[in-house]
Structures are given as C-alpha cells and as structure tokens.
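A.B. asks: What follows is a predicted structure for the sequence shown.
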Amino acid sequence: MSNLLDSLTTELRRGTLTLAVLSQLRTPQYGYSLVQLLKESGITIDQSTLYPLLRRLEKQELVSSSWDTSESRPRKYYVLSDYGLEIFLKLKEDWMSISKELYTILREDEENDVD
C-alpha cells in the first residue's frame, strides 16, 4: 500500500508543481530563488525536480531563460514567455474550477462519513 500511495501522491503533485512554478515566473527567477519562493508558500520542491521541470517548460516554449553574468556567480534566470503566460492563465482558471468541484465532492463525502 505504501508504494502505491507514494506513486499516486507523486502523480498528484506533478501537475500541481508545474502550475506552482509557472505562477512564480511572471518575474524572472533563478533556480534557488524559485525554490525559496515556493517554500515560503508552503510548497517544497527539490532542485532535482525543479531543473528538469524548468528545462521541459523551456522546451515547450512556456518559459525563456537568460544568463546574468553581472555578479561573481553567473545565474540562469527563467521567466514566462507570452505563450507561457497565456497557458498559465488558462491552467489557473481550469485548476480553480476543478479545485472547487473536487472540494464540493470531498466535502459531501466527508459529511456522508459522519452519518
């Protein structure tokens, strides 16, 4: 049961992490700053998960990246592309609708458990 639950939890988190990352890229962020922003919001993401996700989002043309070499340590910044913003806003709308529907279903289920 533990392996199944872990697998299902990972599957559930995968889509939500994508949405969470996109939500933070309206302004340019580098990897560590993105991890910190998400952590402040209560969302934990490992760098081993974040960087492959950022590469995938860039390949899908949802984000663009650029290097900042003005400081002693070069940093790669990521930001939503125009297309990425359009997709993010649609995903956000869909997520809000699905969340509301799911909350209603789970709430009804919880009330039935009390009976």
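C.D. replies: Good, I have the coordinates.

A.B. asks: helices and strands around the helix or strand where M96 lies, which ones?
C.D. replies: Taking DSSP states H and E as the definition, M96 sits inside helix 82-114. Counting contacts by 3 or more CB pairs under 8 Å, 6 or more residues apart in numbering; DSSP states H and E, helix 82-114 is packed against helix 2-23. For the C-beta atoms, the positions are set from N, CA and C on the backbone; glycine is no exception.

A.B. asks: Compute the inter-axis angle for the helix it packs on and helix 82-114.
C.D. replies: Going by axes from the mean of the first three to the mean of the last three CA atoms, to 10 degrees, helix 2-23 is angled at 140 degrees with respect to helix 82-114.

A.B. asks: What residues of the helix holding M96 count as buried?
C.D. replies: For helix 82-114, burial by neighbour count (16 or more other CB atoms under 10 Å) applies to 84-85, 87-88, 91.

A.B. asks: what do you get for stretch 6-25?
C.D. replies: 17-18, 20-25.

A.B. asks: same check, this time on stretch 44-53
C.D. replies: Residues of stretch 44-53 classed as buried under the neighbour-count rule (16+ other CB under 10 Å) are 45, 49-50, 53.

A.B. asks: residue contacts, Q24?
C.D. replies: 34, 37-38 (CB atoms under 8 Å, 6 or more residues apart in numbering).
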